[in-house]
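> The following comprises the amino acid sequence and a computationally predicted model.
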Amino acid sequence: MWNEPSLDELARLPELYSTEGTPARDKIIHEHFFLGGSDWYVAEYGSADRLFFGYAILNSDFDNAEWGYIGFDELRGVRTRLGIEVDRDLHWKPCRAVSVKNIRESGGV
């Protein structure tokens, strides 16, 4: 994974399940990872299980995009045949899910 978040950065994310009562549109998206036409938008992180909770759009398939759990180690291991890895958006600013165009347009809020 390029620009992998540090343990300190991961520790600043809301704990897994802590935003469970928050409507999807109001969840804060803290991190954005991407590779080609795939995007992972992260709202929570559980250090014990190394799991993110967030919204995934795989291969630009907006019809099947969904909220769910994303294994951090699994995400770290994704590579194309040419060896290109998932990258973290270093310019990402935390914002409400409803403010993220891809989440809105794929029906995630």
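Yep, that arrived. All values reported here derive from a predicted model rather than from experimental measurement.
> Can you show me the strands along this protein?
Ranges of strands within the chain are 28-29, 31-35, 38-46, 51-57, 66-71, 87-88, 95-96, based on DSSP state E.
> In this structure residue 108 contacts residue 27, no?
No. Taking contact to mean CB atoms under 8 Å, the distance of 9.6 Å between residue 108 and residue 27 leaves them out of contact. The way it works is simple: take the backbone N, C-alpha and C, and place the C-beta from them, glycine included.
> of these two, who's got more company?
In terms of neighbours (other CB atoms under 10 Å), residue 27 is the more surrounded of residue 108 and residue 27; the figures are 25 against 22.
> quick one: the more buried one and residue 42 touch, right?
No. Residue 27 is not in contact with residue 42 according to CB under 8 Å; the separation is 9.9 Å.
> can you pull the contacts of the residue nearest to residue 92 when sequence neighbours are not counted?
Spatially, and ignoring its direct neighbours in sequence, residue 92 is nearest to residue 32 (4.4 Å; CB to CB, 6 or more residues apart in numbering). Contacts for residue 32 were tallied using CB atoms under 8 Å, 6 or more residues apart in numbering; they are 39-42, 88-89, 92.
> just the buried members of these?
Neighbour-count burial (16 or more other CB atoms under 10 Å) is assigned, among the contacts of residue 32, to 39-42, 88, 92.
> Of those, which is the nearest to residue 16?
residue 42 (10.8 Å; CB to CB).
> Hmm, the closest one is touching residue 13, no?
Yes. Applying CB under 8 Å as the test, residue 42 and residue 13 come out as touching, 6.9 Å apart.
> Thanks a lot, catch you later.
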